[in-house]
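Colleague: Structure for the following, please:
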Amino acid sequence: MVSKSWFRNLADILKAETGDLRELARLAGSDPATLYIGTNLDGVDIRGQDLRGMALPGLNLNRVLRDERTLVDADSLHVAEDQPAPPLSAMEEDFNAVALILGTGLSAQSLRQRPQTRRLKVFERNETQGMVEAARTGLPTFVIFTREEIDAAGRAAAALRHQGIGFIGVLRERGHFRWGTPESLTLSEEISPLVVVVPHDQGFGGRTDTVIGEIRDFISLAIQDWSLVTDAVVPEELNIFMRARGFGPQREIDATAQILDRMATQDLEHRSVNLLINRTQEDIWVRRPRSKVAERVFRPREVVEQHDISGRNPWREYDIAVLAQIRLAPHDDLYFDTARDLVALVQSDARIYTDEIVLGEARDIVVSRGERARAPISWEPDQSAIEAFDFQAAHRLELSEHADIPFIVFRLVEHGEIWLSARDLVGFSFNAENAWMLIASQLRRVARSRNVHARQDYLGLVLRAALKRSPPRRPDEDPWSLALHTGSFRKDWRVTMTDLRYTGDLFNARLRLLHRNRRLPTGEADLWIDLNGPRLDRSK
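Modeller: Take a look at the predicted model:
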C-alpha cells in the first residue's frame with residue numbers, strides 16, 4: 001500500500017520550481033540515480049540519468065526529451081569510437097534482441113505481439129542510428145527487409161560491422177523467388193548471412209500473407225539458441241526458413257508435405273537441411289511416437305527435437321520447421337521423386353513405385369508429372385456438364401503442386417483427371433483402393449480456399465454425388481436439392497464447412513447452406529464420405 005508520505009513527496013515535486021535532479025530527489029527522499037518522474041504524454045521532459053523503475057508502457061521514447069545538464073556523471077556517457085558502447089539504459093536492459101525493419105507491411109507491434117518476441121527492441125527506417133547504438137551492446141541483431149529495400153539493408157550492414165547480426169529477407173511474391181539469382185547476391189556482399197523467410201500459404205487457391213509470423217518464429221528461435229542458427233546458416237549460400245503446422249491425425253507428416261509443396265511452388269531444391277520438430281505436451285504425456293518421415297524425406301544434417309512441457313515452447317506455433325540451404329531448381333524431377341518417396345514412406349506400399357494406384361472396379365490410374373498450368377481465364381463450368389459429371393469417370397491422376405483450384409475443377413470436369421498434391425496423397429489411405437478417399441483427402445484443402453467460385457464448383461460436384469446416394473424424401477422441399485438445381489448455385493449460394501475430420505478411410509464435416517441475400521442458414525447437414533462415396537445426413 002502506498003504511504004501518505006509518498007503522496008506528500010510527490011506533491012512537493014510537482015510544486016517544485018526547480019528542474020535539478022538532485023533537488024527533486026531530495027524532495028522525494030530518493031536516489032538521483034533511480035528517480036524517474038514523467039507522464040505518457042508525447043514530448044515529456046525526462047530529467048534523470050536512467051529510467052529504472054519506469055512503468056509507462058505507452059510512452060513513445062522516440063519523442064521523449066532528455067536534459068543532459070541534469071545527468072549524474074554525464075561525461076561517462078561520451079565513449080570514444082574505438083571503445084565499446086555502454087550498456088543499454090535500465091529500461092532497455094530488459095530487451096534481449098534488436099531489430100531494424102525496412103519495408104512496408106512490417107511493424108514493431110506485429111513483431112512483438114507474441115511472448116517469445118515481446119522483449120525485442122524494434123527500430124524503424126528513420127531510427128537506424130539508434131539501432132546501431134543498441135546493437136553495439138552485443139545483443140542479437142536482425143535487419144529485416146523486403147527485396148525493394150536491399151540497398152538500405154546494405155547501408156545498415158555497413159554501419160553495424162560487428163558479429164551477431166542476422167539478415168532476414170522477406171519474400172512476398174509466391175512463385176517468384178529471386179533471392180537466389182547471382183545479381184541479387186552480389187548487390188551487397190555485406191548482407192551476409194542472409195536468411196530468406198518464405199510466407200506460409202494458408203489458403204488453397206489464395207494466400208494470406210503470414211510473413212510476420214514466419215519472421216517472429218525465426219527470431220524467437222535465434223534468441224532461444226543463437227548458436228543453432230549460426231551453425232545452420234552458411235554465409236555463402238542461399239538460406240531459407242520455412243515452418244508448417246499439420247492437420248489431421250498425422251500432423252508431422254502433413255506439415256512435411258506442406259513444406260515440400262512450398263519448395264516446389266518456389267522452384268527450390270533443398271541441399272542441406274536443419275530440421276526442427278515440435279513435440280507438444282500431449283505428445284509427451286501420451287508417449288506418442290514421433291514420425292521419422294520428415295527425416296527420411298529431407299535427410300537433414302541435424303535434427304532438433306523440442307520438448308517443453310512447461311508450455312514455453314518457442315516453436316509451438318508449428319510442427320515442422322526447416323532452416324536450409326537451397327538452390328533454384330527449374331525442373332520438377334526432384335520434387336516428383338521426393339513426393340513419391342514421401343508417399344511411399346507414409347503408405348508403406350510398393351505400388352507407388354509402379355506408377356499405378358488400383359481403384360474400385362479394377363481401374364488403374366496412372367500417377368504422372370503434372371504440368372505448370374492454369375485454367376483458361378474465360379472458362380466457367382457448363383451447368384449441364386457439372387450436373388452430369390460422375391467422379392467414377394476419372395481415369396488419371398496428375399501429381400503437381402502448381403495446380404490451383406480452378407484448374408483442378410477444369411481438368412476434372414473437362415478431362416476426367418484428378419490433379420493432386422503430395423499432401424493429398426499422404427492423406428489418402430491406399431488400403432481403401434477407392435477414388436472417393438482421394439477426393440476426401442483433397443477436400444480438406446479445398447474447404448480452406450478463398451477462391452469462392454471455384455470452391456463452390458468443387459463442393460457442388462461432391463454434393464450432387466451425395467444427393468444421388470442419399471436423396472431427400474421431398475426434393476421440392478429440400479434446400480440442398482433446390483440450391484443445387486436452380487442453375488445459380490455458383491452465383492447465389494455459399495456452402496461453409498466446419499469441424500472437418502478425416503482418418504484416411506472416413507471423412508466428416510458440418511455443412512451450412514447460405515444464400516447471399518439471407519442472414520440465417522437455409523440448410524444444415526453433415527457430409528460423410530466413405531468407401532461408397534458421399535452422403536448427406538440431415539438428421540441434426
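
Colleague: which residue sits closest to T256 in space, ignoring its chain neighbours?
Modeller: A294 (4.4 Å; C-beta to C-beta, 6 or more residues apart in numbering). The C-beta positions use only the backbone N, C-alpha and C, and glycine is treated the same way.

Colleague: A422 and V196, how far apart?
Modeller: 22 Å (C-beta to C-beta, to the nearest Å).

Colleague: Same drill for those two, tell me which one is more crowded.
Modeller: A422 (26 against 22; other C-beta atoms under 10 Å).

Colleague: how about the strand or helix carrying the residue nearest to T256: buried residues?
Modeller: Using DSSP states H and E, the element containing A294 is helix 293-298. By 16 or more other C-beta atoms under 10 Å, the buried positions in helix 293-298 come out as 293-295, 297-298.

Colleague: could you give the mean pLDDT of that helix?
Modeller: Mean pLDDT, computed over helix 293-298, is 80.

Colleague: elements contacting the particular helix or strand that has W419 in it?
Modeller: In this assignment (DSSP H and E), W419 forms part of strand 417-420. Other helices and strands packing on strand 417-420, by 3 or more C-beta pairs under 8 Å, 6 or more residues apart in numbering; DSSP states H and E, are strand 396-399, helix 405-415, helix 435-446.

Colleague: so which of those is the most packed in?
Modeller: Mean neighbour count (mean count of other C-beta atoms under 10 Å) peaks for helix 435-446 among these, with a mean of 24.

Colleague: Alpha carbons only: can I get that one in CSV?
Modeller: Extracted as CSV, the C-alpha positions of helix 435-446 are listed here (Å, rounded to 0.1, in the frame of the first residue of the first chain):
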residue,chain,number,x,y,z
ALA,A,435,-11.2,-42.8,-55.6
TRP,A,436,-13.6,-41.3,-53.1
MET,A,437,-10.9,-41.3,-50.4
LEU,A,438,-8.7,-39.2,-52.8
ILE,A,439,-11.5,-36.7,-53.1
ALA,A,440,-12.0,-36.6,-49.4
SER,A,441,-8.3,-36.0,-48.8
GLN,A,442,-8.2,-33.2,-51.3
LEU,A,443,-11.4,-31.7,-49.9
ARG,A,444,-9.5,-30.8,-46.7
ARG,A,445,-7.6,-28.3,-48.8
VAL,A,446,-10.5,-27.1,-50.9
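
Colleague: I'd like to know which elements the helix holding A294 is packed against.
Modeller: If contacts are counted by 3+ C-beta pairs under 8 Å, 6+ apart, helix 293-298 sits against helix 251-265, strand 268-279, strand 320-328, helix 333-347.

Colleague: Run me through the strand neighbours of the shortest one, direction for each.
Modeller: Which is strand 320-328. strand 238-244 (antiparallel), strand 268-279 (antiparallel) (DSSP bridges).

Colleague: Give me the contacts around the first one.
Modeller: Which is strand 238-244. Under the contact criterion C-beta atoms under 8 Å, 6 or more residues apart in numbering, strand 238-244 has outside partners 179-180, 185, 193-198, 200, 214, 217-218, 232-233, 254-256, 258-259, 262-263, 268, 276, 315, 317-327.

Colleague: Of the residues you listed, select the buried ones using a PyMOL command.
Modeller: A single PyMOL command selects the buried members of those (16+ other C-beta under 10 Å):
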select buried, resi 179+180+185+193+194+195+196+197+198+200+214+217+218+232+233+254+255+256+258+259+262+263+268+276+315+317+318+319+320+321+322+323+324+325+326
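
Colleague: which SS class is the residue nearest to V197 when sequence neighbours are not counted?
Modeller: Among residues not flanking V197 along the chain, E214 sits closest, at 4.5 Å (C-beta to C-beta, 6+ apart). Under DSSP: H, G, I helix; E, B strand; the rest coil, E214 falls in the helix class.

Colleague: Look up how far L531 lies from E214.
Modeller: Applying C-beta to C-beta, the value for E214 to L531 is 39 Å.

Colleague: likewise V211?
Modeller: On the measure of C-beta to C-beta, V211 and L531 end up 41 Å apart.

Colleague: Comparing those two, which shows the higher neighbour count?
Modeller: Neighbours were counted for V211 and for L531 using other C-beta under 10 Å; V211 has more, 21 against 14.

Colleague: Test my guess that the more buried one contacts V170.
Modeller: Yes: using C-beta atoms under 8 Å, V211 is in contact with V170, at 5.5 Å.

Colleague: which residues are common contacts for the two?
Modeller: The contact lists of V211 and V170 share V197, where a contact means C-beta under 8 Å, 6+ apart.

Colleague: The residue nearest to T256 contacts L275, doesn't it?
Modeller: Yes: counting by C-beta under 8 Å, A294 does reach L275; the two are 6.0 Å apart.

Colleague: what touches both of the two?
Modeller: With C-beta under 8 Å, 6+ apart, A294 and L275 have common neighbours I320.

Colleague: Could you report the distance from the residue nearest to T256 to N126?
Modeller: Distance of A294 to N126, given as C-beta to C-beta: 42 Å.

Colleague: With distance to P140 added, can I get the buried residues of helix 293-298 in CSV?
Modeller: Shown next, in CSV, are these (distance: C-beta to C-beta, whole Å):
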residue, distance to P140
V293, 33
A294, 27
E295, 28
V297, 31
F298, 26
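
Colleague: Now do the same contact list for the residue nearest to N96 when sequence neighbours are not counted.
Modeller: Nearest residue to N96 in three dimensions, chain neighbours excluded: R119, at 4.6 Å (C-beta to C-beta, 6+ apart). Counting by C-beta under 8 Å, 6+ apart, R119 makes contact with 94-97.

Colleague: do the same with R118
Modeller: R112.

Colleague: how much space between it and L100?
Modeller: Relative to L100, R118 is positioned 18 Å away (C-beta to C-beta).

Colleague: And for R490?
Modeller: Counting by C-beta to C-beta, the gap from R490 to L100 is 48 Å.

Colleague: out of the two, which sits in the more crowded spot?
Modeller: L100 (27 against 16).

Colleague: I'd like the distance between the more buried one and L260.
Modeller: Taken as C-beta to C-beta, the span from L100 to L260 is 33 Å.

Colleague: Please apply the same query to R444.
Modeller: Counting by C-beta to C-beta, the gap from R444 to L260 is 16 Å.

Colleague: quick revisit: between the strands paired with strand 320-328, which one is nearest to E387?
Modeller: E387 lies closest to strand 238-244 among the strands paired with strand 320-328, at 37.4 Å (C-beta to C-beta).

Colleague: Can I get that closest one in CSV, CA atoms only?
Modeller: What follows is strand 238-244, C-alpha atoms only, in CSV (Å, rounded to 0.1, in the frame of the first residue of the first chain):
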residue,chain,number,x,y,z
LEU,A,238,21.1,-19.0,-50.0
ASN,A,239,19.4,-19.9,-46.7
ILE,A,240,15.6,-20.2,-46.2
PHE,A,241,13.4,-20.6,-43.2
MET,A,242,10.0,-22.4,-43.5
ARG,A,243,7.6,-23.8,-41.0
ALA,A,244,4.3,-25.6,-41.2
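
Colleague: Buried residues, that strand. List them.
Modeller: Judged by neighbour count using 16+ other C-beta under 10 Å, the buried positions of strand 238-244 are 238-244.

Colleague: Same list (these) but as CSV, adding pLDDT.
Modeller: Output for the buried residues of strand 238-244, formatted as CSV (pLDDT from 0 to 100):
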residue, pLDDT
L238, 78
N239, 84
I240, 84
F241, 88
M242, 86
R243, 86
A244, 84
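
Colleague: from the residues you listed, which single one is nearest S481?
Modeller: Minimum distance to S481 across these is 39.1 Å, recorded for A244 (C-beta to C-beta).

Colleague: so T498, which of the three states?
Modeller: What three-state DSSP gives for T498 is strand.

Colleague: beta partners for it?
Modeller: Beta-bridge partners, per DSSP bridges, of T498: R510.

Colleague: do the same with the one 4 residues further on
Modeller: Beta-bridge pairing of Y502 under DSSP bridges involves F507.
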